[in-house]
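Visitor: predicted coordinates and the sequence they were generated for:
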Amino acid sequence: AYIDDISESQHTLAKKMAEITGGTRTKIALSFLILGMIAIAIVIVLARHFTDPIRSLIQSSEKIRDGDYNVEIRAQSKDEIGQLARTFNAMVAQIKHYTNNLGQMVEERTSELNRTLAILHEKNAILAGLSDKLSRYLSPQIREGIFSGSHDSTITSKRKRLTIFFSDIRNFTQTAERLE
């Protein structure tokens with residue numbers, strides 16, 4: 001009977017241990033399942049925390065590509081993503097400024113070029129007049145050499161004594177000018 005009691009106690013103990021072990025396994029499995037779901041939720045939250053600013057940058061870049069320069073990204077963080085967002089906002093502001101002022105800048109530059117062109121036309125007219133006046137006193141070969149740039153010409157001055165014999169035959173000057 002003593003052995004039967006021990007055997008029955010062992011059997012009852014084994015049964016109780018199986019119940020405890022089964023319940024513990026269920027609790028452990030349930031705990032792992034809950035911890036896994038919490039871990040997945042944390043990963044999703046962290047992934048969104050890191051990818052949302054990048055998505056915002058992409059969407060803003062697409063808007064700028066389409067010509068909408070009224071885009072600003074909220075730069076809340078102080079990390080690299082926040083620095084990128086602040087740099088992006090500064091770039092957008094600069095592009096917006098250049099785009100808005102491009103017409104004015106082109107107009108100012110065109111006006112400046114037109115003023116320079118008018119000055120060049122004026123100087124060209126002066127040079128043309130000078131060329132005509134010099135053509136009366138220089139041979140065509142010398143004049144062509146000076147104005148074509150084929151000869152190195154420099155303007156110098158020297159003092160020399162010159163005696164001029166001036167005699168005007170009646171109406172000679174007028175006749176000479178008409179013949180030219």
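Guide: Received the coordinates, thanks.
Visitor: please count neighbours and contacts with C-alpha atoms only from this point.
Guide: Fine.
Visitor: quick one: distance of the helix ranked longest in the chain to the chain centre.
Guide: For the chain, the helix reaching the highest residue count under DSSP state H is reported as helix 2-65. Computed by C-alpha atoms, centre = their mean, to the nearest Å, the chain-centroid distance of helix 2-65 equals 51 Å.
Visitor: show me what that helix is packed up against.
Guide: Applying 3 or more C-alpha pairs under 8 Å, 6 or more residues apart in numbering; DSSP states H and E, one finds that helix 2-65 makes contact with helix 80-137.
Visitor: which parts of the following helix or strand past the helix it packs on are buried?
Guide: The element immediately downstream of helix 80-137 (helix or strand, assigned by DSSP states H and E) is helix 140-148. By neighbour count on 16 or more other C-alpha atoms under 10 Å, the buried set for helix 140-148 is Arg143.
Visitor: quick check: mean pLDDT of the longest helix of the chain?
Guide: Confidence over helix 2-65 (mean pLDDT, whole number) is 87.
Visitor: what do you get for stretch 99-112?
Guide: For stretch 99-112, the mean per-residue pLDDT is 91.
Visitor: so how far is it off the chain centroid?
Guide: 18 Å.
Visitor: just the angle between the longest helix of the chain and helix 80-137, please?
Guide: Relative orientation of helix 2-65 with respect to helix 80-137: 20 degrees, computed using axes from the mean of the first three to the mean of the last three C-alpha atoms, to 10 degrees.
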